[in-house]
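*Asks:* any chance you could fold what I've pasted below:
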Amino acid sequence: MFLGKSVLASFMLSTAVMVSGPNGEKVADPHISAPVLVVSEKPGASTESETAGRPENSEKADRDKRTESLNESKAADTSENSEKLEESDAARDVGEAEASDTYEDTAEENQQTETSEPAEGTVLTMLASEGKAQMLSVLIQSDEGKLVVIDGGWESDGDRLLEKIQEKGGSVDAWLITHPHADHTGALYHILRNRSDEVDINKIYYSFAPAAWYKEVEPDEASVAVNLLEEFEKLPEDMLCGDIGKNDTINVDNLRITVMNDRYTLDIDPVNNSSIVYKVETCGKRILFLGDLSYDGGARLVREGGDSVKADIVQMAHHGQNGIGQSAYETISPKVCLWPTPQWLWDNDNGNGYNSGLWHTLATRRWMEGIGVEENYCTKDGDIVLQLD
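*Replies:* Numbers count the residues shown, from 1 in each chain. Predicted coordinates:
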């Protein structure tokens, strides 16, 4: 059984999560029952969507219709999970706009509501976006204070991420990248470009295709990968570990990190399916980070990995929507789920109310319930902090 500790106290798994309400009062979250400290609730959080008027992503329409047609031949969970890929792409586009629009308003309030995190032991922190957008930003601090960062979030999340790194000593021993989309690598790009002298990064681990591949398969978003690769060219060669592949291991103090796959080059949802999957083993727990892996990548991962992909804790693929299939999650067999997911996406709300969107978050939530997941931690409630030992 997992034992989670907040800054203030220790709880058993049956204890309900307490989060901060709009006026600072402590309230029980009806969706989650687990020992977790929400370090900083995102200002203005509510159960109502703030995403009215989401832009459609017409540039991807033809490609996504072809994708949807190919997926119709899959099993039932395949078609449900992979239909309407344009909606998942639109979610990232919407997230970028929201992160930009609300960053200035939220930054000051976040600084006022931050709480000190545990200073000892192995601690996992999953940050919520400054702009209530979907993104992935995780920090894991080892027993001896060594720090691992996974992805990092949007450019507008970069300053706060840097502050969290500085709070933990200012050094990153291993920066792990899943794939080059703006809601995953924008923060690293911002830090490298604008504030690189304020942080000490030992190693950056990744596996990117050549820039030309991103221009070919996703031309409207290729600049994310291209710009980051240009920043990498300015770094010392011994900082870059850009050729990682399946079964490579990275050891940081009491954290053992295994690369679970080679970078896939698939025709369907190619950049998301190129996500590198990392398994972190520490304190008797296995934590699987799936990035934005989609259905075909997830199926290949479990087919090639078998029981090695089983994990106690899993980061939900593609923010819990349009990610890997139900059977893949059944193979992973997690007991705890990490949802890097804002309120509107958690509720499948496109601006017209609960379950008005075409994302598959609600279906994924039902899958997790059926699998027997015991705890769900979601960044809709703010930052998530878990004591792992």
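*Asks:* name the helices or strands packed onto the helix or strand encompassing H184?
*Replies:* For H184, the enclosing helix or strand under DSSP states H and E is helix 182-194. Under the contact criterion of 3 or more C-beta pairs under 8 Å, 6 or more residues apart in numbering; DSSP states H and E, helix 182-194 touches helix 85-113, strand 147-151, helix 158-167, helix 222-232. Where C-beta positions appear, they are placed from N, C-alpha and C, glycine not excepted.
*Asks:* which of the ones you listed has the lowest mean pLDDT?
*Replies:* Of all the helices and strands packed on helix 182-194, the minimum mean pLDDT falls on helix 85-113 (a mean of 46).
*Asks:* kindly export the helix or strand following that helix (C-alpha atoms) in PDB.
*Replies:* Using DSSP H and E, the helix or strand that follows helix 85-113 towards the C-terminus is strand 123-126. The C-alpha trace of strand 123-126 is given here as PDB (Å, rounded to 0.1, in the frame of the first residue of the first chain):
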ATOM      1  CA  VAL A 123       9.200  13.600  -3.600                       C
ATOM      2  CA  LEU A 124       7.300  13.800  -6.900                       C
ATOM      3  CA  THR A 125       5.800  17.200  -7.900                       C
ATOM      4  CA  MET A 126       3.400  17.500 -10.900                       C
END
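*Asks:* next SSE downstream of strand 123-126?
*Replies:* strand 137-141.
*Asks:* direction included, what does that next one pair up with?
*Replies:* With DSSP bridges as the test, strand 137-141 is paired with strand 123-126 (antiparallel), strand 147-151 (antiparallel).
*Asks:* looking at the ones you listed, which is buried most?
*Replies:* Highest mean neighbour count among those (mean count of other C-beta atoms under 10 Å): strand 147-151, with a mean of 26.
*Asks:* all helices of the stretch 251-389 of the chain, in order?
*Replies:* 295-305, 326-332, 343-346, 361-371 (DSSP state H, counting those that start in this stretch).
*Asks:* just checking, what packs against the first one?
*Replies:* Read that as helix 295-305. helix 76-82, helix 326-332.
*Asks:* ok, the second one next?
*Replies:* The contact analysis (3+ C-beta pairs under 8 Å, 6+ apart) places helix 326-332 against helix 76-82, helix 295-305, helix 361-371.
*Asks:* contacts for the last one, please.
*Replies:* Taking C-beta atoms under 8 Å, 6 or more residues apart in numbering as the criterion, the residues outside helix 361-371 that touch it are 80-81, 316, 319-321, 323, 326, 329-330, 333-334, 337, 341, 345-348, 355, 376.
*Asks:* quick one: average pLDDT of that helix?
*Replies:* Here the average pLDDT along helix 361-371 is 98.
*Asks:* same question for the first one.
*Replies:* Helix 76-82 comes out with an average pLDDT of 41.
*Asks:* thinking again about what came up before, report the buried members of the contacts of helix 361-371.
*Replies:* Buried residues within the contacts of helix 361-371, counting neighbours by 16 or more other C-beta atoms under 10 Å: 80-81, 316, 319-321, 323, 326, 329, 334, 337, 341, 345-348, 376.
*Asks:* and the helix holding H184 with strand 137-141, angle?
*Replies:* 70 degrees (axes from the mean of the first three to the mean of the last three C-alpha atoms, to 10 degrees).
*Asks:* what's the angle from helix 182-194 to helix 222-232?
*Replies:* 30 degrees.
*Asks:* what comes up buried for helix 182-194?
*Replies:* A182, D183, H184, T185, G186, A187, L188, Y189, H190, I191, L192.
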